[in-house]
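# This is the structure alone, sequence omitted:
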């Protein structure tokens with residue numbers, strides 16, 4: 001009987017080492033970065049006396065550098081996008097009224113498709129997101145009567161599509177994106193805390209006018225206030241411009257920091273982010289985090305000792321925050337009948353059905369004046385509820401798809417919560433807290449593209465759960481290139 005030698009693992013039948021596997025690349029997708037390159041080039045050329053003569057000198061190096069980065073250093077694309085989304089989400093491309101992070105979505109997509117997606121499985125949450133895009137597109141077709149509708153739709157769909165790009169990254173690259181987003185959020189929060197302490201006049205951001213921070217809006221200042229019984233209290237804004245936008249982005253970064261870091265880095269980053277979260281005085285973000293902690297302690301796969309420690313730490317932090325009069329008044333006034341924000345929300349909900357008359361199926365459209373005109377938007381009391389505002393803008397089908405994202409995501413979150421170790425459930429707990437509180441009390445996820453991108457990051461981390469390098473999630477089989 002002839003005995004054949006067993007094949008050598010990692011090599012061929014003769015025992016010789018296998019040649020390195022060369023990944024297929026999609027050269028045709030390099031032009032996906034072209035819009036970003038064009039925007040950057042336009043900004044640089046705008047100030048030149050002879051743009052036509054300088055075109056080659058500016059555009060060619062940019063194109064060459066972009067191709068080199070996409071081909072040989074894709075992590076620079078992912079890291080830059082993540083950091084800027086966390087640190088300066090409303091920064092614009094010089095000379096172009098487009099958020100830098102939104103322009104970078106083109107580069108992320110081009111890089112993902114050039115190197116090939118690492119994950120092909122389609123989850124239920126992805127299907128719900130795709131349904132939201134389809135329904136919103138139908139609403140656009142039926143309501144668009146000007147270019148502003150198309151422009152707002154394109155910005156929104158770019159921000160939403162980040163979900164699909166991120167979940168197709170190799171696992172190490174997705175971890176890099178998540179951790180770099182945390183670094184960006186901590187950097188932006190630290191700067192915002194410094195401005196809150198030392199820039200009493202709110203003029204520092206005027207120095208950043210070339211990148212979109214010079215506009216003080218309808219109220220004439222970068223400062224945002226909470227009117228308490230003790231006087232005006234300045235809320236944290238920094239490079240986030242609006243305290244509610246700051247609250248949402250810092251919330252996502254804080255959840256990711258707890259899930260994706262360990263030891264001293266986790267403690268330091270989470271402390272900075274949670275300090276900033278409280279100083280935004282954003283009740284939607286603060287209550288979302290409180291509920292996330294409750295969900296994690298109640299359903300997370302952890303020992304009774306750790307559960308008690310989390311509960312004790314949460315109570316201690318709550319008592320410390322309540323010891324600051326302005327914070328305590330802001331929080332507890334939420335339950336008062338005299339709270340203006342609560343009164344405005346109630347009035348908007350009461351008027352909701354009348355504002356939707358004749359608009360239920362396709363909504364008011366992406367380019368409705370209250371979404372595109374800052375003055376009109378400031379004076380319009382539309383409903384501060386993300387599912388209802390999605391219906392208001394895109395119709396019932398879009399609203400149903402948005403709710404489906406929350407329901408399917410909650411199921412995924414609960415499964416993650418029940419899987420040890422406890423860090424596996426942190427993103428899920430954050431998603432549940434955000435869906436139950438922030439999305440019911442606020443609307444920037446619907447109307448503000450950078451905030452939509454932050455929500456896309458949260459959804460992508462929920463689907464893939466890349467919380468630990470040696471953790472093997474249920475999608476691991478879809479990442480064959482990882483060791």
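That came in fine, so what should we check first? Please read these numbers as outputs of a predicted model, since none were measured by experiment. Residues are numbered from 1 along each chain as shown.
# C-alpha from now on. contacts and neighbour counts both.
Noted.
# the helices in the stretch 201-350 of the chain, which residues?
For the stretch 201-350 of the chain, the helices defined by DSSP state H, counting those that start in this stretch cover 243-260, 263-279, 283-299, 304-322, 325-332, 340-350.
# deepest of those, which one?
Most buried of the helices of the stretch 201-350 of the chain, by mean neighbour count (mean count of other Cα atoms under 10 Å): helix 243-260, with a mean of 27.
# Residue 423 is nearest to which of the helices of the stretch 201-350 of the chain?
Residue 423 sits nearest to helix 243-260 of all the helices of the stretch 201-350 of the chain, at 5.3 Å, using Cα to Cα.
# Which secondary structure elements does the closest one sit against?
If contacts are counted by 3 or more Cα pairs under 8 Å, 6 or more residues apart in numbering; DSSP states H and E, helix 243-260 sits against helix 74-87, helix 171-198, helix 263-279, helix 283-299, helix 426-433, helix 449-464.
# got the ones you listed as a markdown table, with mean pLDDT columns?
Shown next, in a markdown table, are the helices and strands packed on helix 243-260 (pLDDT from 0 to 100):
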| stretch | mean pLDDT |
| --- | --- |
| helix 74-87 | 95 |
| helix 171-198 | 96 |
| helix 263-279 | 96 |
| helix 283-299 | 95 |
| helix 426-433 | 97 |
| helix 449-464 | 96 |
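# export the ones you listed to JSON lines and tack on distance to residue 132?
JSON lines is the format used below for those (distance: least, Cα to Cα, whole Å):
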{"stretch": "helix 74-87", "distance to residue 132": "23"}
{"stretch": "helix 171-198", "distance to residue 132": "24"}
{"stretch": "helix 263-279", "distance to residue 132": "29"}
{"stretch": "helix 283-299", "distance to residue 132": "23"}
{"stretch": "helix 426-433", "distance to residue 132": "18"}
{"stretch": "helix 449-464", "distance to residue 132": "13"}
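# what sits up against the helix or strand hosting residue 134?
Assigned by DSSP states H and E, residue 134 falls within helix 124-143. By Cα atoms under 8 Å, 6 or more residues apart in numbering, the surrounding residues in contact with helix 124-143 are 149-150, 153, 157, 160, 163-164, 361-366, 394-395, 397-399, 401-402, 404-405, 408-409, 463.
# Give the buried residues for it.
When neighbours are counted by 16 or more other Cα atoms under 10 Å, the buried residues of helix 124-143 are found to be 125-126, 128-133, 135-140, 143.
# returning to that earlier point: quick one, which of the helices and strands packed on helix 243-260 is nearest to residue 99?
Judging the helices and strands packed on helix 243-260 by Cα to Cα, what sits closest to residue 99 is helix 449-464, at 7.6 Å.
# okay, the angle between the closest one and helix 74-87?
120 degrees (axes from the mean of the first three to the mean of the last three Cα atoms, to 10 degrees).
# Tell me which other helices or strands helix 449-464 touches.
Contacting helix 449-464 under the criterion 3+ Cα pairs under 8 Å, 6+ apart are the following elements: helix 74-87, helix 100-115, helix 147-166, helix 243-260, helix 396-417, helix 426-433, helix 444-447.
# The residue lying closest to residue 284 once chain neighbours are set aside and residue 245, how far apart?
Excluding its sequence neighbours, the residue lying closest to residue 284 (Cα to Cα, 6 or more residues apart in numbering) is residue 438, at 4.5 Å. To residue 245, residue 438 is 11 Å away according to Cα to Cα, to the nearest Å.
# same check, this time on residue 108
For residue 108, the distance to residue 245 equals 23 Å [Cα to Cα].
# Apart from its neighbours in sequence, what residue is nearest residue 420?
Excluding the flanking residues, the one nearest residue 420 by Cα to Cα, 6+ apart is residue 301, at 5.2 Å.
# list the contacts for that neighbour?
Counting by Cα under 8 Å, 6+ apart, residue 301 has contacts 417, 418, 419, 420, 421, 422, 425.
# Next up, identify which helix or strand the third one is on.
Element membership of residue 419, judged by DSSP H and E, is empty: it is in no helix or strand.
# I'd say residue 228 and residue 331 touch.
No: using Cα atoms under 8 Å, residue 228 is not in contact with residue 331; the gap is 11.2 Å.
# next one: stretch 109-119 to chain centre, how far?
Per Cα atoms, centre = their mean, to the nearest Å, the displacement of stretch 109-119 from the mean C-alpha position of its chain is 20 Å.
# Assess the claim that residue 289 and residue 251 are in contact.
Yes: assessed by Cα under 8 Å, residue 289 is found in contact with residue 251 at 7.1 Å.
# quick one: contacts for the residue nearest to residue 284?
284, 285, 287, 288.
# sorry, back to before: any idea which of the helices and strands packed on helix 449-464 has the lowest pLDDT on average?
Sorting the helices and strands packed on helix 449-464 by mean pLDDT places helix 100-115 lowest, at a mean of 91.
# what angle sits between that one and helix 74-87?
Using the same axes, to 10 degrees: helix 100-115 against helix 74-87 is 160 degrees.
# gap between helix 100-115 and the chain center?
On Cα atoms, centre = their mean, the centre of helix 100-115 falls 15 Å from that of its chain.
# how near is residue 288 to residue 248?
Per Cα to Cα, residue 288 is found 9 Å from residue 248.
# what touches both of these two?
Counting by Cα under 8 Å, 6+ apart, nothing touches both residue 288 and residue 248.
# And this protein, split by domain according to the record?
With automatic domain parsing as the criterion, the domains of the chain are listed as 28-39+51-115, 124-471.
# Comparing the helices and strands packed on helix 449-464, which comes out most buried?
helix 426-433 (a mean of 28).
# chain center to stretch 111-124, what's the gap?
The mean C-alpha position of stretch 111-124 is separated from the chain mean by 19 Å, Cα atoms, centre = their mean.
# My guess is residue 281 contacts residue 242. True?
No: taking contacts as Cα under 8 Å, residue 281 lies outside contact range of residue 242: 11.1 Å.
# More neighbours: those two, which one.
Using other Cα atoms under 10 Å, the more surrounded residue of residue 281 and residue 242 is residue 281, with 25 against 16.
# Please determine how far that one is located from residue 125.
Taken as Cα to Cα, the span from residue 281 to residue 125 is 31 Å.
# Residue 160 too?
From residue 160 across to residue 125, the span is 13 Å (Cα to Cα).
# And for residue 289?
Per Cα to Cα, residue 289 is found 22 Å from residue 125.
# just residue 344 next, same as before
From residue 344 to residue 125 the distance is 32 Å (Cα to Cα).
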